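J.: make a model of this:
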Amino acid sequence: MPDSPTPEPPEAEPTADAEFIPDVIPAKPPQPLMSAVMIIRNESRRLARCLASIRPIVEQICIVDTGSTDDSIDIARSFGAEVIESPWADDFSRHRNEAADMAVGKWLLIIDGDEEFETPQVTALHACISRLEAIAKGAGQAEPAAPDIARLRGIAETATADAGAAALFRKMVETVDADAAAYSAILLPVETRGDGGLRQQFLAQRIVRNGAYRYAYPIHNQLIPKPGVTASEIATQDGLIVSHYTGEMGNKAKRSLPMLQKLWDTDEAAMWASYGLEKPSDVPGHRAHAAFFMTKTYSAIGDHAKVVEWGVIAEQLCGNRPNFAELWCWLYYARLALMAMSGGATAEHHALEARCALERGIALHPHFTDLRRARTTEELLTWQRMARTPMGQAYSRCSASGLQAVAGIPEASKALGIPIVWTTDRTKGGAVQGELPVKAAEDAPKAPF
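T.: Residues are numbered from 1 along each chain as shown. Below is the predicted model of the structure:
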């Protein structure tokens, strides 16, 4: 008799705890375009203004707080920022990398808590688009895909309000992002504004592709491409400004000098390994970095002897890289100041060393504007030496054009300790004359030649 078939077990009833597997898996949300990344400590005075300025252009705000004792963290979270607290480790790059690791956007907008992103004017964005268009026209077959200029032009025609300008800025980033192999960084103009109204503009990498860079150096940190990343940049035009409010230089020096000395004493291989990077061949060693910024810091606080001490070291280490060109300006003006404060053979020595430093700098960087301005100072001083008159009298007798040249070189008048007062002498046809106040003329240092 054949065996009867084994009955199938009854199908189990689904339980309430059973995992529900949908027939259609929801689409993964698109990756955000931009995340803002920053580190803060006690930035309550300006942080709200900063965050309000970037909220229209980023989807995520990532903040590392290194020990605030004010209400900075509460302000940040009120803007929807993601905040982690990380005790200060004497290393700006470490904390900036922590903030970057939080980001999920395709691009990172790098900004500090005491900065703000000024909403770009539509006319400035038109100029930026024109630049992209010029690059596209000049691109050969081997170049990356040209940006979608026509699409940007259409958006620009309707972008008349602040919100439209912010949207246009995002479209500009989207256009750069369209070809993943095209660019790894976007340069923005940065304008520094001191409490006394001092302003300076420069271009800096402020929007970078997420995952393409890491920060290196514990102070005066720099973005370094990760191994295998080919760095390529595109610059915007004026109008896309990040404003930076500078603090009191003496306080910054108290913080910076010990950190720079620590960097000088650091093992270089260990430093690069701590950032997960390999030292690129075109990047100077950590001691060149430390010596250069030691010189810069001492120049800012007016310690001329230390400028010379560290500047001589930095000159031996920095080579002819363009980003170090300012070193020879600091050396020149420091020697000039030491000349004005001394006399006899010592003054003559500093005068000679000033000229030599200037010539070495110009030989390496003949087109650097600040060195050319320093040469103007040296030419005026050469005229004064030939006249063999006291320093104050020499400047008071300069022609109007000569005085205007000196007035345009504040480093020179500061180094020499010679204030210049502008007056209009209508008896001479209204010509502008430069004069020293009587007391200043009496106290002006005498020419050492």
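J.: burial of Asn320, as a residue count?
T.: Residues lying near Asn320 (other C-beta atoms under 10 Å) number 9. All C-beta spots, glycine's among them, are computed from the backbone N, C-alpha and C.
J.: residues contacting Ile63?
T.: Residues near Ile63 by C-beta atoms under 8 Å, 6 or more residues apart in numbering: Val37, Met38, Ile39, Ile40, Ala76, Ala81, Glu82, Val83, Ile84, Ala99.
J.: cool, and Arg287?
T.: Listed by C-beta under 8 Å, 6+ apart, the contact set of Arg287 reads Trp264, Glu268, Leu317.
J.: where's the residue nearest to the first one when sequence neighbours are not counted, which helix or strand?
T.: To tie it back to what came earlier, the one meant is Trp264. Nearest residue to Trp264 in three dimensions, chain neighbours excluded: Ala290, at 4.2 Å (C-beta to C-beta, 6 or more residues apart in numbering). Ala290 belongs to helix 286-301 when assigned by DSSP states H and E.
J.: what mean pLDDT does that helix have?
T.: Averaging pLDDT along helix 286-301 gives 93.
J.: so which bits of it are buried?
T.: Residues of helix 286-301 classed as buried: 286-299 (neighbour count, 16 or more other C-beta atoms under 10 Å).
J.: please check the contacts of Arg287 and keep the buried ones.
T.: By neighbour count, with 16+ other C-beta under 10 Å, these hold Leu317 as buried.
J.: export the contacts of Arg287 as TSV, with columns for secondary structure and distance to Met341.
T.: Compiled in TSV, the contacts of Arg287 are given as follows (DSSP: H, G, I helix; E, B strand; the rest coil; distance: C-beta to C-beta, whole Å):
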residue	secondary structure	distance to Met341
Trp264	helix	28
Glu268	helix	37
Leu317	helix	28
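J.: closest one of the contacts of Arg287 to Ser256?
T.: Taking C-beta to C-beta as the measure, Ser256 lies nearest Trp264 of those, at 12.4 Å.
J.: thinking the closest one is in contact with Ala291, fair?
T.: Yes: contact criterion C-beta atoms under 8 Å: Trp264 and Ala291 qualify, at 7.3 Å.
J.: tabulate the contacts of Ile63 (TSV), appending distance to Asn323.
T.: Formatted as TSV, the contacts of Ile63 follow (distance: C-beta to C-beta, whole Å):
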residue	distance to Asn323
Val37	23
Met38	24
Ile39	23
Ile40	27
Ala76	33
Ala81	32
Glu82	33
Val83	33
Ile84	32
Ala99	24
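J.: what about the residues you listed, which are in strands?
T.: Val37, Met38, Ile39, Ile40, Glu82, Val83, Ile84 (DSSP state E).
J.: ok, which stretches of the stretch 151-300 of the chain are helices?
T.: For the stretch 151-300 of the chain, applying DSSP state H, counting those that start in this stretch gives helices covering 162-177, 249-265, 268-274, 286-301.
J.: so which of these is nearest Val58?
T.: Of all the helices of the stretch 151-300 of the chain, helix 162-177 comes closest under C-beta to C-beta, at 8.8 Å.
J.: what residues sit buried inside that closest one?
T.: Quick answer for helix 162-177 (16+ other C-beta under 10 Å): 164-177.
J.: likewise stretch 354-361?
T.: Ala354, Arg355, Ala357, Leu358, Gly361.
J.: poorly predicted segments of the stretch 301-449 of the chain, please.
T.: Along the stretch 301-449 of the chain, segments meeting pLDDT under 70 span 383-449.
J.: ranges for the strands of it?
T.: 421-425, 431-435 (DSSP state E, counting those that start in this stretch).
J.: go on, the stretch 1-150 of the chain?
T.: So, for the stretch 1-150 of the chain - with DSSP E, counting those that start in this stretch - the strands run 34-40, 60-65, 82-85, 107-110, 115-117.
J.: elements contacting the last one?
T.: Using 3 or more C-beta pairs under 8 Å, 6 or more residues apart in numbering; DSSP states H and E as the contact criterion, the secondary-structure elements in contact with strand 115-117 are helix 47-54, strand 242-245.
J.: that one pairs with which strands, and in what direction?
T.: strand 242-245 (antiparallel) (DSSP bridges).
J.: hang on, the earlier thing: out of the strands of the stretch 1-150 of the chain, which gets nearest to Leu187?
T.: That would be strand 107-110 among these, by C-beta to C-beta, at 11.5 Å.
J.: elements contacting that closest one?
T.: Short answer (3+ C-beta pairs under 8 Å, 6+ apart): strand 107-110 packs on strand 34-40, strand 199-209.
J.: could those go into CSV alongside mean neighbour count and distance to Val64?
T.: Putting the helices and strands packed on strand 107-110 into CSV (neighbours: other C-beta atoms under 10 Å; distance: least, C-beta to C-beta, whole Å) gives the following:
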stretch, mean neighbour count, distance to Val64
strand 34-40, 24, 5
strand 199-209, 16, 17
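J.: least reliable of those going by mean pLDDT?
T.: Looking at the helices and strands packed on strand 107-110, the bottom one is strand 199-209 with a mean of 82.
J.: only the C-alpha atoms, please, for that one, written as PDB.
T.: Provided in PDB are the C-alpha atoms of strand 199-209 (Å, rounded to 0.1, in the frame of the first residue of the first chain):
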ATOM      1  CA  ARG A 199      39.500  96.100   4.900                       C
ATOM      2  CA  GLN A 200      41.400  93.600   2.800                       C
ATOM      3  CA  GLN A 201      40.100  91.200   0.100                       C
ATOM      4  CA  PHE A 202      41.500  87.900  -1.000                       C
ATOM      5  CA  LEU A 203      40.300  84.700  -2.700                       C
ATOM      6  CA  ALA A 204      40.000  81.600  -0.600                       C
ATOM      7  CA  GLN A 205      38.700  78.000  -0.900                       C
ATOM      8  CA  ARG A 206      35.300  78.400   0.800                       C
ATOM      9  CA  ILE A 207      33.200  75.800  -1.000                       C
ATOM     10  CA  VAL A 208      34.800  72.400  -1.500                       C
ATOM     11  CA  ARG A 209      33.600  69.000  -2.700                       C
END
